[in-house]
Each structure stands twice: as C-alpha cells, then as structure tokens.
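Asks: sequence and predicted model, in that order:
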Amino acid sequence: MQKTLVRIAHEIIERNKNAEDMVIVGIMNRGAHLAKRLANAIEQIEGVSVPVGNLDITLYRDDLSMISEQPVVQKTDLMFDITGKKVILVDDVLYTGRTVRAALTELIDFGRPQFIQLCVLIDRGFRELPIRADFVGKNIPTSQKESIEVHLEECDGVDEVVIMEHDDG
Amino acid sequence: MAEWKRKHLLGLEELSREEIEFILDNTSSFKEVLTREVKKVPTLRGKTVVNLFYEPSTRTRVSFEVAAKRLSADVINIAAETSSVRKGETLFDTGRNIEALKADIIVVRHSASGAAAMLSHHVNISVVNAGDGWHEHPTQALLDIFTLKEKFGRIEGLEVSIVGDIAHSRVARSNIWGLSKLGAKVTVCAPKLLIPPEIEQMGVSSITDNIDVALVNADAVNVLRMQFERDEANMFPEQLEYFKKFGITQERLEKAKKKIVIMHPGPINRGIEISSEVADGTQSVILDQVTNGIAVRMAVLFLVAQGAKRKK
C-alpha cells in the first residue's frame, strides 16, 4: 500500500508540475489518514510541506437515513483558506460517488479552489453519479454483493484491503 | 458505536449516560460549523422547524432559530400571545394543526410540566422540549454540561453547585439529571423554602442553604436567575437580602479552594444573584454558554430528525 501511495504522490507532482499552492484534504475517517501519508510522500519527493485538512461529510450526505447506525459527526478541520489552491481530495474507496459529491459541495462552501483533483486508493466501480478519480491506487472490479474495506495501521493496526461477501447477499 | 433512536427530546431523566455523551460528542462538530466563513450546512434542507412558545422567551427561541437555520431548515415562530391559543385552542389541537402544515419538528415551551411529553403522544412528528413548567429544560442542561466538558475535559468527578431557586427551576432539574448520570457531584444551594423535598431522590450529593459551603470545594457553579416576577406565593427573600446571603461575589469566590467556573443560563440580574464583577470576570463562561447553546441545539435537531427517519 505504501508503494502505491508513493507512486500516486509521483503522479500528483507530475500532473501538477510541482507541489506549489497545493493542499491535501482527506475525507474522514480513512481518507484523512491517507491524506497525511500522501503529504509525507510528497514532502520526501519535493521537499515541500503540503497543508493537510480533514473533511467530515456527514452533514452533506443524501443517504444518512439508510445507514443503520448513527455515526458521531466528526469535526471538519480545514485550518487554511482553500481559495485559489490546488486541492487534492483523498478517500479510501470510490464506489457510488455520493460521498465525493458531498465532499465537493462542502469544499466549495469553504472557498473557491483553483481546481479539485480526486485521489482514491481503490476504485471498485458502480458509479451512480458522473464522477471519476484523477489518481487511482488500484481498480478492483467487484460485485455489488461484495463490500470492500480498507484497513490502515493508524486506525486498524494493519494495512490491508479486504473484500467480503454481504450476509444479506 | 453508540446508537441514537429517539425522535423526541423531552428531558434528560429518560436518557442514558451513553445517549447524553453521544449528543455531547456530536456537539463539538456542530460548533466547528459556527466558525466557518459560510456558517451553514445543508443537513436539514427542506425540513420545517416550528418554535411553539407559550411562555415569553428570547434567548432560547432565538438559539433554536439560529440552530435550525444553520442546518438549512425553514423556521416558523409561534408566540402563544399572538396566536389562536388566545382563542382557546388546546396544545393538542395546535400540535395537530402544525403537523398538518407538514412541519417536521416542534420545539415547544410551555408553563405546564409534562406539556412536551403530552404533545409527543399526540403528533407523529418530532417534539423537542424547550422548557416545560418546573420539570425540564434539557437543551439548557446539555449546553451547560457541554460548556463544563470543554472547560475541564471531563464531567466525571467534577463538583458542581447549583445556586438559586431550585424549587421552580427546570434548568436545575435537567442539570441534576444530566450531571449525576455523567458522574459529577452536584450540590444544590438555596434558601430553605426554595429546596423541594424530592430533590434528594434525584441524585444530588449535598444540599445546603449556606453559599460558602456550596462554593468551598466547587469546580463550577451554575447560578440560577431569581425569577422575582414569578414569586406569587411570596416565598422569596427580599432582593437585597438575597444578594447578601446568596449573591455570587468576587470576595466569596476568593474564599473557595478552586478557581470556580461561573455559569448562568441568563438573563442575569446584576446585583441580585451575581455581582457585575463576577458576571464579567475571567472565571465567567456565560457568553460561551450562549455560543454552545446553538451547537447543542443543532446536534439535537439533527439527531431527532434522524431518529424520526429511522422510526418509519
């Protein structure tokens, strides 16, 4: 996983020429950890420290009532102005695209970035909205009967991607 | 992970410790929204919140209104003095009519204890209690407790004194329920006539009519407003007399062991229950309470709206 993130870091720099005016914003929870790792990788390559923020999109969701458990709303943490910045939005898994839609709406409420590029560790397909990622760690074609979870050392104790069959199929 | 299933918030007595902590955990995230340039999230877009107030209130009503608007809900305010209530419509009928207007949440304040609970049994939409008689004022207690938690990082083990007219105070009752459930030690302090006998069963750890005793070990004190305008039974001491015996002054605070955090639900009566020096002093968090009140009410409106969806 770390190698994949370093590769993505290189791609981000290649696409944008450098890391100037760049900020990285992770979607809670795992996207936030990935954002931090990407920023570290970019700093090692370019020697530039890139600001990192977190976004909790709960208050912008369109499907909250469908989630069986009520999650605690996490604090959004964007301590910098994103207006005019090159924003790299980071999440662990790209699926329907609804999370990203919510994140885009929330980000734009914070300011007017120069542009937003989307970076995901896993793209599993089944988009319900016209959204695509600019940087992808790995495409994993799945069936909708399966669910996919990214586990990270920071919150799960281990780096791994797990594909599971749903109980209710 | 904690779960929230309630579509009403009627009081803290019926909530578990986990539910209270769940509201408080959410509150800090809603507070962050208030620091943004665009202080608004689309969470309750298309929902309608009706503030139904049978008693005069500015701060609670405005706080609920701001909270609902920060969540993008539409807000309608009904003050009983200017509505059909004067023509004799019952709370029950008013509630059913509000429901028929396709509102989603009723925030109700009423002078009768149990009014919010009664309303919740007669409508299918969410009811939030904004104060019912002497019974409960849950969002006020939640914002008080949230303010303490921000200040001390915990509630467990805190010594909190509540000073003033305990007998007629819904704020006191909700605070006692909430604080004791979260493990704080609560002392109530009032003139003897204003301490109701049932207070002992609510989980307070001590009762006194000596203000210095109430302050000596306290981490925080919640100073209640003396509602002299409501003293129809003539149970209150004379105002100056009250200030002499129970008023919170800098001098009294200096005799205490700790740097006591001063709270007051407002509006404050300067020179009656609290001196100006204390109210405006560095130990006072009275204005933090006002800000936190919006965040707490945003969390509550959000949670009851989700609870209502889940119930369907």
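Replies: Great, that's in hand. Numbers count the residues shown, from 1 in each chain, chains lettered A, B, ... in the order given.

Asks: flag every residue of chain B that's near chain A.
Replies: B:1-5, B:22, B:25-26, B:28-30, B:32-33, B:36-38, B:40-43, B:71, B:299, B:302-303, B:306, B:309-310 (Cβ under 8 Å from any Cβ of the partner chain). The way it works is simple: take the backbone N, C-alpha and C, and place the C-beta from them, glycine included.

Asks: now with 7 Å?
Replies: Residues of chain B that fall close to chain A, judged by Cβ under 7 Å from any Cβ of the partner chain: B:1-4, B:22, B:25-26, B:28-29, B:32, B:36-38, B:41-43, B:306, B:309-310.

Asks: buried ones among these?
Replies: B:4, B:22, B:25-26, B:28-29, B:32, B:41-43, B:306, B:310 (16 or more other Cβ atoms under 10 Å in any protein chain shown).

Asks: what about the residues of chain B next to chain A, which are in helices?
Replies: With DSSP state H as the criterion, helices contain B:22, B:25-26, B:28-29, B:32, B:306, B:309-310 from among the residues of chain B next to chain A.

Asks: among those residues, which two are most distant?
Replies: Based on Cβ to Cβ, the longest span within these runs between B:Glu32 and B:Arg310 and measures 24.8 Å.

Asks: where are the low-confidence patches of the stretch 201-312 of chain B?
Replies: B:311-312 (pLDDT under 70).

Asks: could I get the full set of strands for it?
Replies: B:206-208, B:220-223, B:261-263 (DSSP state E, counting those that start in this stretch).

Asks: return the most buried member of the ones you listed.
Replies: Mean neighbour count (mean count of other Cβ atoms under 10 Å in any protein chain shown) peaks for strand B:220-223 among the strands of the stretch 201-312 of chain B, with a mean of 26.

Asks: tell me the helices and strands packed up against that strand.
Replies: strand B:159-163, strand B:261-263 (3 or more Cβ pairs under 7 Å, 6 or more residues apart in numbering or on different chains; DSSP states H and E).

Asks: listing partners with orientation, what would you give for that strand?
Replies: strand B:159-163 (parallel), strand B:261-263 (parallel) (DSSP bridges).

Asks: show me the longest helix that occurs in chain A.
Replies: helix A:30-46.

Asks: now do it, average pLDDT.
Replies: Per-residue pLDDT values across helix A:30-46 average out to 96.

Asks: for it, name the packing helices and strands.
Replies: Looks like helix A:30-46 contacts helix A:2-16, strand A:22-27, strand A:52-55, strand A:86-94, helix A:153-156 (3+ Cβ pairs under 7 Å, 6+ apart).

Asks: so the third one, near chain B or not?
Replies: It refers to strand A:52-55. No: using Cβ under 7 Å from any Cβ, strand A:52-55 never reaches chain B; the gap is at least 10.7 Å.

Asks: looking at the ones in helices among the residues of chain B next to chain A, which one is closest to B:Thr60?
Replies: B:Asn26 (19.7 Å).

Asks: which residues does that closest one contact?
Replies: Contact analysis of B:Asn26 by Cβ atoms under 7 Å, 6 or more residues apart in numbering or on different chains lists A:72-73, B:299, B:303.
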